[in-house]
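Participant: Below is the sequence, then the predicted model.
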Amino acid sequence: MKSLISLWLKLADEMASELHTSAAMDSKTVQARVKHEGLSFLTITLPAYGKGFELSLDQGQVDRSLFCFCGRTGGLPTFLSGFLGHVFDTSSGVLLDTPDTYAIQCIRQLTLMFAKIDLPCSDARTANAMSGYVQCEKEMASIQNSWSPRLLEDFQRVAMLLFRDTFSYMDRKIYDGEVVPKHGPGATADGLLGNKKYTQRIWTDRLEKYFPAGEYLFPSWKHYSFDEDDVHFLEPDAEIPVKVISVPKTQKTPRIIAMEPTAVQYVQQGLLEVMLEGIRKVDFLRTFLGFDDQEPNQLMAKEGSLNGELATLDLSEASDRVSYQLVRKMMQRFPHLREGIDATRSRKADVPGEGIISLSKYASMGSALCFPIEAMVFLTIIFLGIERELRTSLDRKTIKSFLGRVRVYGDDIIIPVEYVHTVIELLETYGFLVNSSKSFWTGRFRESCGKEYYDGEDVSVVRVRRMFPTSQQDGRAIISLVSLRNQLYRAGHWQTVEWLDGKIKKMIHHFPVVLPSSPVLGRESFLGYETQKVHRTLHAPLVKGLVVSSRIPQNSIGGSDALLKVFHQFHRRESADGAHLMPHLRATAGGDDHLQRSGRPQSVFTKLRWSSPF
C-alpha cells in the first residue's frame with residue numbers, strides 16, 4: 001500500500017506543478033486518511049469524490065453534498081482546491097466559462113485511479129451483493145405484474161420494426177437445424193473445464209426438441225447409437241441451476257455473474273453466432289448495436305461532449321433487470337426462435353447464502369446470449385421513447401434517420417439529448433435503473449465504453465489494476481505494473497514514469513526500451529526502441545528482457561469426443577466445402593496438442609530471454 005500512496009503523491013506533485021499550484025496539503029490529507037482508514041480511502045472514498053466532481057461538471061456548479069469528506073475554502077472543497085480553482089469559480093463554485101480541461105483530467109486521475117483495482121470485497125459487502133441479487137428478482141416479479149397489455153404490445157410492435165429480419169433469419173436457422181454449438185472458455189455450473197466439456201453426456205428435455213443430443217454431443221448419429229444409453233436427460237424440474245458467484249469489480253461492490261451449465265452454454269454459443277449473423281445482415285442494426293467494437297460509442301461520446309447534442313446513459317444491474325417476459329414478447333411471432341431461446345435459458349439460480357431461487361430475468365451475466373439480447377431490449381425501449389416524443393408511429397424510414405445518433409453497446413447507451421427524459425421514464429417503467437452518477441446530458445462531460453470527454457477533449461484516466469508486485473515471481477502484477485508505466489508515459493506523466501522506472505528496474509533488472517508490439521516487457525518511448533545486439537543469422541535487432549509465458553492445463557480427450565472437437569474447429573475455419581476442408585484435415589492429422597491441453601492458463605509467468613524490441 002505504501003507504493004500506491006507514493007504513486008499518488010508523485011502524480012499529484014507533477015500535475016500540480018503543471019498547473020502552477022501546490023498539492024502539499026492534499027498529500028498530507030491523503031496520507032492521514034489512509035493511515036486511519038486504510039486502502040478503502042483510495043479505492044472507495046476518493047472515487048466517490050471523483051463521481052461527485054463529474055456530476056458537478058454536469059450541473060454547472062459545485063454540489064456541496066457530493067463532497068462530504070472534506071471542508072470548504074470559499075465555494076470549493078478544501079481537498080484538491082488548487083486544481084478545482086481551474087475549473088470552478090473559487091467564491092461561488094460556479095463552473096468557469098472556459099474551464100481548464102487538463103485540470104479536469106488531473107482531478108479525475110487523482111480520484112479515480114484506484115477505483116477498479118483487482119481486490120476482493122469484504123465478506124459483508126459480498127453478502128450484501130448476493131442479497132441484492134435476490135431482492136432484484138423480487139422487484140422484477142412485482143414490476144412485471146404492473147405492465148399493461150398496451151405497454152407490452154407497444155414494445156413488441158417497435159421490436160418488430162427493428163428486428164423482424166434478424167428474428168426471421170434465426171427462426172429459419174433453428175428450424176433447419178443449422179445452429180452449430182460451441183464450447184466457451186469459461187467455467188461452468190457443473191465444473192467441466194477445457195476439453196472435458198466435450199465428454200459431457202447431460203442433456204435436457206427442453207434442449208432435445210430443437211437441439212437433439214445425437215447431433216450435438218456426438219460427431220454423428222452412428223456414434224450416438226453406440227453410446228445412447230450414456231446420455232442422461234434432465235426434466236425441467238431436475239435441471240442444473242446457474243451457479244451465482246462474485247468476481248472483483250471495485251472494493252465497494254463485487255460484480256455478480258452466473259455460471260451456466262455446460263449443455264446450456266454449449267448451445268447458447270451457437271445461437272450467439274446465428275444472432276450476430278442475423279444482426280449483421282440488417283444494415284442499420286450494425287450501426288445501432290455494437291458487440292465487439294467500442295470505438296463508435298467513444299467517438300459519439302466525444303461528439304456529444306463537444307456539441308451537447310448526444311447524451312450518454314448508463315444502467316445499474318442492467319443484465320439482472322431484463323425481464324424474460326419482455327424477451328418472450330419480443331420474439332413471440334417466431335415460434336422456433338422463441339422456443340429455442342427458452343430451451344437455452346436457465347430457470348433457476350443457486351445463490352450463496354440464499355439457496356436456489358426461480359428467475360424472472362432472462363439471464364445474468366455469464367449467459368452467452370445475455371449481452372446481445374439486453375442490447376436489443378434497450379434499443380427497442382429507446383425507439384419507443386423516441387416515438388412517444390415525436391407523437392407519431394415509427395416506420396423504418398424514421399428509424400434510419402437516427403443513424404449516427406443512437407447506439408447501444410451493452411448497457412452503454414447514446415441517444416439525442418431531446419429524448420432523454422422520455423427514454424429514461426420508459427426504461428424505469430420497464431424495470432431498469434438509470435445510473436445517475438454515470439449518465440450525462442446537460443453539461444459538456446460525456447463517458448461511454450471506457451472513454452471520457454469534456455468539450456471534445458479526452459479526459460480519460462489511467463487506472464491501477466493490481467497491487468504492486470513484491471517479487472519477480474508475481475507475473476501478473478509485474479505485467480500490470482509495466483502496463484501502468486507505459487500508459488502513464490503515453491499520457492505524458494513523465495516525472496512519475498521516471499520514478500516508476502526506478503522501482504521496476506530494482507525488481508526485474510532487464511527493462512529495455514521497446515515498441516508496444518514487442519513480446520518483451522519493456523519501456524515504451526516516442527523515440528523508438530533500443531538494440532542491445534544483433535541476431536547472428538537473421539541480423540535482426542535483439543534486446544534482453546522478460547517475456548510473458550503461460551501454461552495451458554493438461555486436459556486430454558480421445559475417441560468420438562476428440563473427433564467432435566475437430567469437426568467443430570473445421571466448421572469454424574472453413575465452409576462445408578470438402579475441397580476447402582481437406583487441406584486442413586491433412587495439416588492437422590499429425591498435430592493433436594489441442595486434444596491434450598485446453599482451457600484458460602492456470603498461471604502466467606515471465607522468462608528472461610533475448611527477443612525482438614518491435
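Facilitator: Arrived safely, thanks for sending.

Participant: is it true that residue 268 touches residue 344?
Facilitator: Yes - using CB atoms under 8 Å, residue 268 makes contact with residue 344 at a distance of 4.9 Å. Glycine gets a C-beta too; all of them are placed from N, C-alpha and C.

Participant: who touches both of these two?
Facilitator: Between them, residue 268 and residue 344 share these contacting residues under CB atoms under 8 Å, 6 or more residues apart in numbering: residue 369.

Participant: Of these two, which one has the most company?
Facilitator: When residue 268 and residue 344 are compared for neighbours, residue 344 comes out ahead with 29 against 25, by other CB atoms under 10 Å.

Participant: ok, the more buried one - contacts?
Facilitator: Counting by CB under 8 Å, 6+ apart, residue 344 has contacts 207, 211, 264, 267-268, 271, 369.

Participant: Can you pull the phi/psi pair for residue 241?
Facilitator: Here is the backbone geometry of residue 241 (degrees, to the nearest 10): phi -80, psi 160.

Participant: tally of neighbours for it?
Facilitator: Residues near residue 241, counting by other CB under 10 Å, number 19.

Participant: doesn't residue 346 make contact with it?
Facilitator: Yes - with contact defined as CB under 8 Å, residue 241 counts as touching residue 346 (6.4 Å).

Participant: rewinding a little: of the contacts of residue 344, which belong to helices?
Facilitator: 207, 264, 267-268, 271 (DSSP state H).

Participant: okay but residue 137 is in contact with residue 359, surely?
Facilitator: Yes - contact criterion CB under 8 Å: residue 137 and residue 359 qualify, at 6.7 Å.

Participant: what bits of the stretch 451-600 of the chain have low per-residue confidence?
Facilitator: The model of the stretch 451-600 of the chain has pLDDT under 70 over residues 571-592.

Participant: all strands for it, in order.
Facilitator: With DSSP state E, counting those that start in this stretch as the criterion, the stretch 451-600 of the chain has strands at 451-454, 457-458, 513-514, 520-521, 523-524, 533-534, 541-551.

Participant: and the ones you listed, which is most packed in?
Facilitator: strand 520-521 (a mean of 26; mean count of other CB atoms under 10 Å).

Participant: Which strands or helices does that one pack on?
Facilitator: helix 475-490, strand 541-551 (3 or more CB pairs under 8 Å, 6 or more residues apart in numbering; DSSP states H and E).

Participant: Just the buried residues of the first one, please?
Facilitator: Neighbour counts using 16 or more other CB atoms under 10 Å place 475-482, 484-489 of helix 475-490 among the buried residues.

Participant: What is the nearest of those residues to residue 387?
Facilitator: Nearest to residue 387 among the buried residues of helix 475-490 is residue 487, at 42.9 Å by CB to CB.

Participant: my guess is the closest one contacts residue 464, does it?
Facilitator: No - assessed by CB under 8 Å, residue 487 is found out of contact with residue 464, at 9.8 Å.

Participant: what residues are shared contacts of these two?
Facilitator: With contacts defined as CB under 8 Å, 6+ apart, no residue is shared by residue 487 and residue 464.

Participant: List the neighbours of stretch 139-156 that are in contact with it.
Facilitator: Under CB under 8 Å, 6+ apart, the answer for stretch 139-156 is 320-321, 323, 325-326, 329-330, 332-333, 360-361, 380-381, 384, 429-431.

Participant: Kindly report the same for stretch 480-494.
Facilitator: Against stretch 480-494 from outside (CB under 8 Å, 6+ apart): 11, 14-15, 462, 464-466, 468-469, 496-497, 500-501, 504, 516, 521-525.

Participant: Let's see that with 7 Å instead.
Facilitator: For stretch 480-494, the external contacting residues (CB atoms under 7 Å, 6 or more residues apart in numbering) are 11, 14, 462, 464-466, 468-469, 496-497, 500-501, 504, 521, 524.

Participant: just stretch 351-358 next, same as before
Facilitator: With CB under 7 Å, 6+ apart as the test, stretch 351-358 has contacts from 127, 130-131, 133-134, 137, 241, 244, 347-350.

Participant: how about a cut-off of 8 Å?
Facilitator: Residues contacting stretch 351-358 (CB under 8 Å, 6+ apart): 127, 130-131, 133-134, 137, 241, 244-245, 347-350.

Participant: tell me the contacts of residue 385?
Facilitator: Per CB under 8 Å, 6+ apart, neighbours of residue 385: 419, 422-423, 425-427.

Participant: how about 6 Å then?
Facilitator: Counting by CB atoms under 6 Å, 6 or more residues apart in numbering, residue 385 touches 419, 422-423, 426.

Participant: That one and residue 232, how far apart?
Facilitator: Separation of residue 385 from residue 232 (CB to CB, to the nearest Å): 47 Å.

Participant: now swap in residue 369 and tell me
Facilitator: Applying CB to CB to residue 369 and residue 232 gives a distance of 24 Å.

Participant: Compare the two (neighbour count), which wins?
Facilitator: A count of neighbours by other CB under 10 Å puts residue 369 above the other of residue 369 and residue 232, at 21 against 12.

Participant: Spatially, which residue comes closest to that one, not counting chain neighbours?
Facilitator: residue 268 (5.2 Å; CB to CB, 6 or more residues apart in numbering).
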